[in-house]
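# Have a look; sequence and predicted model below, questions after that.
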Amino acid sequence: MSTEQAPVPERNTDIEIRLLIEAIYLKYSYDFRDYSGASIKRRVAHALRQFECRSISALQERVLYEPSVFLQLLQYLTIPVSEMFRDPEHFLVLRRDVVPLLKTYPSLKLWVAGCSTGEEVYSMAIMLLEEGLLDRTLIYATDINPTSLEKARQGIYPLKLMEDWADSYQRAGGRRQLADYYTAAYDRAIMDSRLRENVTFADHSLATDSVFSETHLVSCRNVLIYFNKPLQNRAFGLFHESLCHRGFLMLGSRETLDFSAYSERFETLAKPERIYRKL
């Protein structure tokens, strides 16, 4: 008789995933219920291999009774992957078309939603510093992953990655050398502390939390692609409520306001670069 396990029926897998996500919500108040089903399924499948669990139900049991396992699982569910000056043309247009308008305000508040490990935050800070705006800007950097937030606070990245990102920085309109903004130590790059002096790192969920401040620019890039339509609309609602009159919203290259419940409440400033302005 074969000892191989019979394939788990697809319906059973869907049920187990829903139970796992519900258990996480009830136990830890992290809400993944409106994340894209296909995305969650891929992440859970990967986590099963890493935790060496034979079923999603087995993983659920560990998550319920071992908080440390949940924190580890959170790394798979949130995909903490980012890079500095990602899609440099977005930053180039931001610098060219949006920054001159931001300069008209006596003080600024920016919100980087879903900041992950902080690469986008430091990219923004560098651009603002070069444009003479950083000293009068408060940046809110939020994420649901405490491990990612701590890495963002530390601002320490593999030196090899910084060398790779130097080209993106130049293509984004950088005026110096990226190396001017970090100190190299062994194989690590430590970001200049002045870049985070005006940054507030905080836990915030686009799925469950509310608006916390009026802002002039919101950057939420490569986060909404993992949400279903209702959760995307909830996030857009938060951004709309947070932004001041004529404030700016910047999305990722695969994200759009088109066909959302808020498409008529923004005008498109730069369509290829996904930059919008509140009406």
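Noted; the coordinates are in hand. Not measured: the values here are computed from a predicted model.
# for the stretch 151-279 of the chain, what spans make up the strands?
Using DSSP state E, counting those that start in this stretch, the strands of the stretch 151-279 of the chain run over 156-158, 182-185, 188-191, 199-203, 215-220, 243-251, 266-270, 275-278.
# ranking the ones you listed by burial, who's on top?
Ranked by mean neighbour count under mean count of other C-beta atoms under 10 Å, these are led by strand 215-220, which reaches a mean of 24. Placement of C-beta: from N, CA and C, glycine included.
# Look up how far residue 125 lies from residue 172.
Going from residue 172 to residue 125 by C-beta to C-beta, to the nearest Å gives 13 Å.
# scratch that, residue 265 is what I was asking about
For residue 265 relative to residue 125 (C-beta to C-beta), the value is 28 Å.
# so what secondary structure elements neighbour the host helix or strand of residue 49?
Using DSSP states H and E, residue 49 falls within helix 37-51. Packing contacts for helix 37-51, counted by 3 or more C-beta pairs under 8 Å, 6 or more residues apart in numbering; DSSP states H and E, involve helix 10-28, helix 56-65, helix 67-78.
# contact partners of the shortest one?
Contacting residues not belonging to helix 56-65 are listed as 13, 16-17, 19-20, 23-24, 27, 44, 47-48, 51, 53, 69-70, 73 [C-beta atoms under 8 Å, 6 or more residues apart in numbering].
# that older thread, for the helices and strands packed on helix 37-51, which one sits closest to residue 198?
helix 67-78 (25.2 Å; C-beta to C-beta).
# Tally up the residues packed near residue 160, please.
Residue 160 has 11 neighbours, counted by other C-beta atoms under 10 Å.
# My guess is it contacts residue 187. True?
Yes: applying C-beta atoms under 8 Å, one finds residue 160 in contact with residue 187, separated by 7.2 Å.
# Please identify the buried residues of stretch 28-47?
30, 31, 32, 33, 34, 35, 36, 39, 40, 43, 44, 47 (16 or more other C-beta atoms under 10 Å).
# I'd like those laid out as TSV, including pLDDT.
Below are those laid out as TSV (pLDDT from 0 to 100):
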residue	pLDDT
30	92
31	93
32	91
33	90
34	90
35	89
36	86
39	84
40	90
43	89
44	93
47	91
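# Tell me where the model's unsure across the stretch 51-200 of the chain.
Residue ranges of the stretch 51-200 of the chain with pLDDT under 70: 80.
# just so I have it, where are all the helices in it?
56-65, 67-78, 88-93, 99-102, 119-130, 146-154, 159-171 (DSSP state H, counting those that start in this stretch).
# export these to TSV and tack on distance to residue 278?
Putting the helices of the stretch 51-200 of the chain into TSV (distance: least, C-beta to C-beta, whole Å) gives the following:
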stretch	distance to residue 278
helix 56-65	39
helix 67-78	27
helix 88-93	17
helix 99-102	12
helix 119-130	19
helix 146-154	26
helix 159-171	28
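# Show me the beta-bridge partners of residue 113.
For residue 113, the beta-bridge partners are residue 142 (DSSP bridges).
# circling back to that earlier point, mind checking which of the helices of the stretch 51-200 of the chain is nearest residue 256?
Residue 256 lies closest to helix 88-93 among those, at 13.4 Å (C-beta to C-beta).
# What helices and strands are in contact with the closest one?
helix 159-171.
# if we go to 10 Å?
In terms of contacts (3 or more C-beta pairs under 10 Å, 6 or more residues apart in numbering; DSSP states H and E), helix 88-93 is packed against helix 119-130, helix 159-171, strand 243-251, strand 266-270.
# circling back: could you say which one of the helices of the stretch 51-200 of the chain comes nearest to residue 203?
Of all the helices of the stretch 51-200 of the chain, helix 146-154 comes closest under C-beta to C-beta, at 6.7 Å.
# what's next to the closest one, contact-wise?
Applying C-beta atoms under 10 Å, 6 or more residues apart in numbering, the external contacts of helix 146-154 come out as 71-72, 74-75, 78-82, 112, 114-122, 141-143, 145, 157, 190-191, 196, 199, 201-204.
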